[in-house]
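A.B. asks: With the input below, show me the fold.
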Amino acid sequence: MSWLPVNRLRGHGAALVASRRGSIPVLFGLSLIPIIGMIGLGVDYGIATSNKTKLDMAADAAAIAAVVTAKAYISSNAGQTNVSANALAAGTTKAVNAFNANMGNITFGQVTLATPQVSRNAQTLTAVVSYSATVKNTIGPIFGTPTTLISNTVTASADIASYLDFYLLLDVSGSMGLPTSDEGMEKLALKNNDLKEDNYRQGCQFACHFPGRVGWDLAAGKIQLRSDAVNDAVCSLIRRAALPLVPNQYRVGLYPFINQMATLAGVTSDLATLSTTAQCSKPWPLALTNLLDTGSTQLFINGDPSTGTGSGGTHFETVLPQMKSTIATFGDGTAATSRKPFVFLITDGMQNDQNHSLLLGIKRYYPGDPSKFLLYPNARWDGSKPKQIDPSKCTDLKNAGATVSVLYIPYNIIKFQDFGGDVARENNLVNGFSPGLATPLRSCASPGFFYTANTPADITASLNAMFDQALQVARLTR
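C.D. replies: As a prediction, this is how the structure comes out:
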């Protein structure tokens, strides 16, 4: 075995080191290529992203301009032949102009705008704006990507005025004469000795205003009743409906009911007169409180006590068919001649099959006791029969094309000491039914149109929400 001299080994090592030092610049140069490429591609991507932002904003502006222009055209030229076709054409032209005006300078790019599609489906206008663009890359060609393709589709919609009728079915039976709060009920009971002869020794918590009752005098204008709270909410809705997109767009009617439905104000677009009828500018007691059950029918026709609100009960099985026959048009809202009906049922939901009436043959009359109608004997009471509403009675209304929206005002639990007697028996019966009243009312309402409120503020807010939802449905279901 031979050994290399030490000096020769040192020479080989030095040569090896020198060789490695010479390769570093080469390796560094090679590594710069992907780094520079990544930077260049990042620049290309930034240019493409900036261009896409500009084009997206231009497409948004174009789609919005299209539907706004078409809507304005229809509103201004309602009687014109082919108004829809002309409006859509105007919207298309406006979309192209708006896109070009908002596009600005597209760096290294070539843009193609597809013809905007503007359409009308019943009361909804829709605009679809699509673009594509080819952006030249600066560094990308080195890596086989000479261009970047960008595109987008934007959709905008707007509703044309929907013609809607609102039929407000308003419960004015005796239970709506309860104060709006437990505090008000207790305050009334402390002073009200009505019905003490029936062993109701704690005092009546209703603002009973049958002849000879004192509750009405104690409550009217002093304690807010649920009927007054509903009246305030109705006035708020009337003010909302008085701001239509086009004339005669919304009509409102007021239909109080007890045993039967009566007409306080038929459906009308004269909302100023309707506001006066509802006594919106007056303090309590308001119109609905003045229509609370007095023992004799109100809003009767031609002196006939078989007409009007009736007295003594709450008869949904009679009222709901009457409403169906009252609705003038079961349309889709696309025109003033095809109005879409909404029935707003505002009630505590307590059906009572009782009557304070006079039965002559098979026909009921509600003259009062004592009778307020010449030649008609005194009415008689046939006993309290509280129960839940039968929701199937709402089916015919919904099947005919009406949307039924229910505002349920929970029946305030009556707090009392049970000394026996007819009134105490009824209080127990009613208190027992109250927790379950919401379930059948919810079934009565069209899907998604059930509301619950008790305080005056919540009643107003809920009725306004019902109005807003009606407008929204007119847009989304078309």
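
A.B. asks: rest of the way, CA atoms for contacts and neighbours
C.D. replies: OK.

A.B. asks: For burial, what's the neighbour tally of residue 80?
C.D. replies: 10 (other Cα atoms under 10 Å).

A.B. asks: Does it fall in a helix, a strand, or a coil region?
C.D. replies: coil (DSSP: H, G, I helix; E, B strand; the rest coil).

A.B. asks: so where do the helices sit in the stretch 201-350 of the chain?
C.D. replies: Under the criterion DSSP state H, counting those that start in this stretch, the stretch 201-350 of the chain contains helices at 215-219, 226-241, 271-277, 287-290, 316-326.

A.B. asks: In stretch 215-228, which residues are buried?
C.D. replies: 215, 216, 218, 219, 220, 223, 224, 225, 226, 227, 228 (16 or more other Cα atoms under 10 Å).

A.B. asks: Give me the contacts around that stretch.
C.D. replies: Contact partners of stretch 215-228, identified using Cα atoms under 8 Å, 6 or more residues apart in numbering, comprise 172, 176-180, 184, 188, 191-194, 204, 206-209, 283-286, 288-289, 292, 456.

A.B. asks: Check the model's average confidence along it for me.
C.D. replies: For stretch 215-228, mean pLDDT rounds to 90.

A.B. asks: Would you mind measuring the gap between the ends of that stretch?
C.D. replies: When the termini of stretch 215-228 are compared using Cα to Cα, to the nearest Å, they are 15 Å apart.

A.B. asks: Now do that stretch: distance to the chain's middle.
C.D. replies: 30 Å (Cα atoms, centre = their mean, to the nearest Å).

A.B. asks: where does residue 292 land on pLDDT?
C.D. replies: According to the model, residue 292 carries a pLDDT of 94.

A.B. asks: that older thread, compare the helices of the stretch 201-350 of the chain and give me the one nearest residue 148.
C.D. replies: helix 226-241 (51.7 Å; Cα to Cα).

A.B. asks: show me where the stretch 351-478 of the chain has strands.
C.D. replies: 356-360, 363-365, 380-381, 386-388, 403-408, 450-452 (DSSP state E, counting those that start in this stretch).

A.B. asks: Touching the third one from outside, list them.
C.D. replies: Contacts to strand 380-381, defined as Cα under 8 Å, 6+ apart, come from residues 312, 354, 355, 356, 357, 358, 369.

A.B. asks: Each with direction, which strands does it pair with?
C.D. replies: strand 356-360 (antiparallel) (DSSP bridges).

A.B. asks: isn't residue 373 right next to residue 306, touching?
C.D. replies: No. Using Cα atoms under 8 Å, residue 373 makes no contact with residue 306, being 10.7 Å away.

A.B. asks: more crowded one of these two?
C.D. replies: residue 306 (19 against 15).

A.B. asks: Contacts only, for that one.
C.D. replies: 297, 300, 363, 364, 365, 366.

A.B. asks: domain parsing for this protein?
C.D. replies: Following automatic domain parsing, one gets these domains for the chain: 23-159, 164-476.

A.B. asks: pLDDT below threshold where in the chain?
C.D. replies: Applying pLDDT under 70 to the chain flags the ranges 1-45, 75, 78-79, 139-140, 143-144, 161, 195-202, 209, 211, 472-478.

A.B. asks: Any idea which residue is closest to the centre of it?
C.D. replies: Centroid-nearest residue in the chain: residue 469, 1.5 Å away (criterion: Cα atoms, centre = their mean).

A.B. asks: I'd like to know how far that one sits from residue 169.
C.D. replies: 17 Å.

A.B. asks: related to what we said a few turns ago, can you say which of the domains of the chain is packed in most?
C.D. replies: domain 164-476 (a mean of 20; mean count of other Cα atoms under 10 Å).

A.B. asks: How far off centre is it?
C.D. replies: Taking mean C-alpha positions (Cα atoms, centre = their mean), domain 164-476 and its chain are 21 Å apart.

A.B. asks: So residue 384 sits against residue 352, correct?
C.D. replies: Yes. Using Cα under 8 Å, residue 384 is in contact with residue 352, at 6.7 Å.

A.B. asks: what do the two both touch?
C.D. replies: residue 313.

A.B. asks: Please save the CA atoms from the helix or strand hosting residue 112 in CSV.
C.D. replies: Taking DSSP states H and E as the definition, residue 112 sits inside strand 109-113. Listed next in CSV are the C-alpha coordinates belonging to strand 109-113 (Å, rounded to 0.1, in the frame of the first residue of the first chain):
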residue,chain,number,x,y,z
GLY,A,109,-57.0,44.8,-22.6
GLN,A,110,-59.6,44.1,-25.2
VAL,A,111,-63.2,44.0,-23.9
THR,A,112,-66.3,42.4,-25.3
LEU,A,113,-69.7,43.3,-23.9
